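A.B. asks: with the input below, show me the fold.
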Amino acid sequence: MLQNVIRALMILVAFVFVLELSAGNGICSDRESPDDDAVITASAGIGYYNWQMKYATDFGLDTPFDHSIQPFILKRFEVKASLFFLEAGASYLTNKINEAMDFEEDPEMREEEDPLARQLGVFAGIHLGSYAIKTSAVFRKFRGNIKSNGVRRTLSDDRDPLYYYPETGDELVLNIGDEVNWYTIFRLYEIKLVKGGSLSRYSWDFGFQYIQYESPTQVDITIGHEDIPTGLPEVPSALMYSKYRVYNLIYGFHNRFFFRDNLYLEFYFPVIVGINRLENSYMNLDPHFGYPMTNLTASTVGQVALRFVTGHVKIEIGGDFNLFISIWNNKTTLERDLDYLDQKDGTPRTLEEGTDITVRSWRYEYFWGVYAQASAYF
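C.D. replies: Numbers count the residues shown, from 1 in each chain. Model (predicted):
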């Protein structure tokens, strides 16, 4: 389904290019959109979104668990206002329009199996000549589940149960086919300086992000401290519910390409790099800048929209893509006993509190989708 939607969008964009070029209009970027001077803009639409989290080991065929999430159909709503040198607004995405707009912690959600995706974004800005200072916050609430595939032993094709270490309490033993529910509250705060302002045909921005969220994390644990892996990990594929704190620098650029005065393609592409801190009931993984560097994050975002503006109405179709990479290679010490299964023969064993360990992981997260939206502006 998604491939058909993307293919339709590509065909539509190509058709517009050919139509405009054949009409002799050409493409230029020295115009403003008719809605740039709007005081109030209200929008509603629908989107098809997908989220997935993978680890470096997942690109093989022997993954210990499956956390693929079914695509979401999200309703989109947005309102924004501009007056003189000030602007502000909010956006809301949800797959459950009949539920309250709640972003607080709710332990009962852990017991529910029905997938949930919800996002609230708020922003404000002030324009100072050709510059602008913008602030924004994004809150996401997400619920999903993880299904155990078992962990293959190193010396045979036998599979042992997957150990899941939750936020509190003892580990859970997940046999093949067992599922565990989880949810997360994601919070992002951002401030940036924009050259050209939000109404510019071309602009760039530079700023800072702070992110906090919780989610299950797969890590490999080796006994002792080492910079470079010298053998197989003692505890591969330990699945731990962890808390994150992420500190990012962001640089992005925005531009428009006009086919005619009221039809244009707009895009925004930032590059984001930073460091993170991971903690759970067994360990704390802090960043350090020696060799090897660790707790690194890198991400990029692509936002593209084709917009048609007429009278007091704007119609648009677009797409969003977000790739987020996290790398850990930490030397630390266990803060409590860790029970696990020996990967050679499945014997139950325990790493005692105070054991020196090296923790490694390489995680990829994808969030992408396409949408259609209509706006009224005044």
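A.B. asks: which helix or strand in the chain has the lowest average pLDDT?
C.D. replies: Here the helix or strand of the chain ranked lowest by mean pLDDT, DSSP states H and E is helix 2-22, holding a mean of 52.
A.B. asks: quick check: next helix or strand after that one?
C.D. replies: As assigned by DSSP states H and E, the chain's next helix or strand after helix 2-22 is strand 40-55.
A.B. asks: what's the burial count for I325?
C.D. replies: Other residues near I325 come to 14 when the count uses other CB atoms under 10 Å. For glycine as for every other residue, the C-beta is placed from the backbone atoms N, C-alpha and C.
A.B. asks: please shift the residue numbers so they start at 677 in all later answers.
C.D. replies: All right, first residue 677 from here; so that's I1001.
A.B. asks: mind giving me the packing neighbours of the helix or strand V1046 falls within?
C.D. replies: If you go by DSSP H and E, V1046 is part of strand 1032-1053. Where contact means 3 or more CB pairs under 8 Å, 6 or more residues apart in numbering; DSSP states H and E, strand 1032-1053 is packed against helix 678-698, strand 716-731, strand 748-759, strand 878-899, strand 989-1009.
A.B. asks: run through who's touching the helix or strand just after the third one.
C.D. replies: With elements assigned by DSSP H and E, the helix or strand that comes after strand 748-759 is strand 762-770. Contact with strand 762-770 is made by 717, 723, 725, 750-757, 777, 793-803, 874, as judged by CB atoms under 8 Å, 6 or more residues apart in numbering.
A.B. asks: any of these buried? List them.
C.D. replies: With burial judged by 16 or more other CB atoms under 10 Å, the buried subset of the contacts of strand 762-770 is 717, 723, 725, 750, 752, 754, 756, 793-797, 799, 801, 803, 874.
A.B. asks: report the two of the residues you listed separated the most.
C.D. replies: Spatial extent of those (CB to CB) is set by the pair A793 and H803 at 33.2 Å.
A.B. asks: now the nearest residue to E955 once chain neighbours are set aside: which helix or strand?
C.D. replies: Distances taken as CB to CB, 6 or more residues apart in numbering put K919 closest to E955, at 5.3 Å, once the chain neighbours are dropped. Using DSSP H and E, the element containing K919 is strand 911-936.
A.B. asks: list the buried residues in the next helix or strand after that strand.
C.D. replies: As assigned by DSSP H and E, the chain's next helix or strand after strand 911-936 is strand 939-955. Neighbour counts over strand 939-955 (16+ other CB under 10 Å) mark 939-944, 946, 948, 950-952, 954 as buried.
A.B. asks: stretch 833-848 too?
C.D. replies: Residues of stretch 833-848 classed as buried by neighbour count (16+ other CB under 10 Å): 835-842, 847.
A.B. asks: one more: stretch 1010-1023?
C.D. replies: 1010, 1014, 1016-1017, 1019.
A.B. asks: now swap in stretch 1026-1038 and tell me
C.D. replies: Of all the residues in stretch 1026-1038, those buried under the rule 16+ other CB under 10 Å are 1027, 1031, 1033-1038.
A.B. asks: sorry, back to before: just send the buried residues of stretch 833-848 back as TSV, with pLDDT too.
C.D. replies: Listed next are the buried residues of stretch 833-848 as TSV, based on pLDDT from 0 to 100:
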residue	pLDDT
R835	89
D836	90
P837	92
L838	91
Y839	92
Y840	92
Y841	93
P842	89
E847	90
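A.B. asks: which of those sits closest to Y967?
C.D. replies: Closest to Y967, out of all of the buried residues of stretch 833-848 and judged by CB to CB, is Y841, at 29.1 Å.
A.B. asks: how about the closest one, nearest residue that isn't a chain neighbour?
C.D. replies: Per CB to CB, 6+ apart, closest to Y841 is M916, 4.4 Å.
A.B. asks: so the one you found makes contact with V895?
C.D. replies: Yes. M916 sits in contact with V895 when judged by CB atoms under 8 Å, with a separation of 6.3 Å.
A.B. asks: which of the buried ones among the contacts of strand 762-770 has the weakest pLDDT?
C.D. replies: Here the lowest pLDDT out of the buried ones among the contacts of strand 762-770 sits on S874, with 50.
A.B. asks: reformat the buried residues of stretch 1010-1023 as TSV; add pLDDT.
C.D. replies: Formatted as TSV, the buried residues of stretch 1010-1023 follow (pLDDT from 0 to 100):
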residue	pLDDT
L1010	95
L1014	94
Y1016	93
L1017	91
Q1019	83
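A.B. asks: ok but Y1016 is inside a helix, no?
C.D. replies: No. Counting by DSSP: H, G, I helix; E, B strand; the rest coil, Y1016 is located in no helix; its state is strand.
A.B. asks: beta partners of it?
C.D. replies: R1025 (DSSP bridges).
A.B. asks: need the contact list for it.
C.D. replies: 839, 910-911, 914, 1024-1027.
A.B. asks: go through the residues you listed and name the one nearest F984.
C.D. replies: A914 (51.3 Å).
A.B. asks: number of residues surrounding the closest one?
C.D. replies: 24.
A.B. asks: hmm, it is touching Q894, no?
C.D. replies: Yes. In terms of CB under 8 Å, A914 counts as a neighbour of Q894; the distance is 7.1 Å.
A.B. asks: the residue nearest to E955: how many residues sit nearby?
C.D. replies: Neighbour count of K919, defined by other CB under 10 Å: 17.
A.B. asks: ok, the closest residue to R1039 other than its chain neighbours to T893 distance?
C.D. replies: Closest residue in space to R1039, ignoring its immediate chain neighbours: S1002 at 4.7 Å, by CB to CB, 6+ apart. S1002 sits at a distance of 9 Å from T893 (criterion: CB to CB, to the nearest Å).
A.B. asks: same thing with I1001?
C.D. replies: 14 Å.
A.B. asks: equivalent analysis for W1004, please.
C.D. replies: Distance, W1004 to T893, using CB to CB: 9 Å.
A.B. asks: with that, I have no additional questions.
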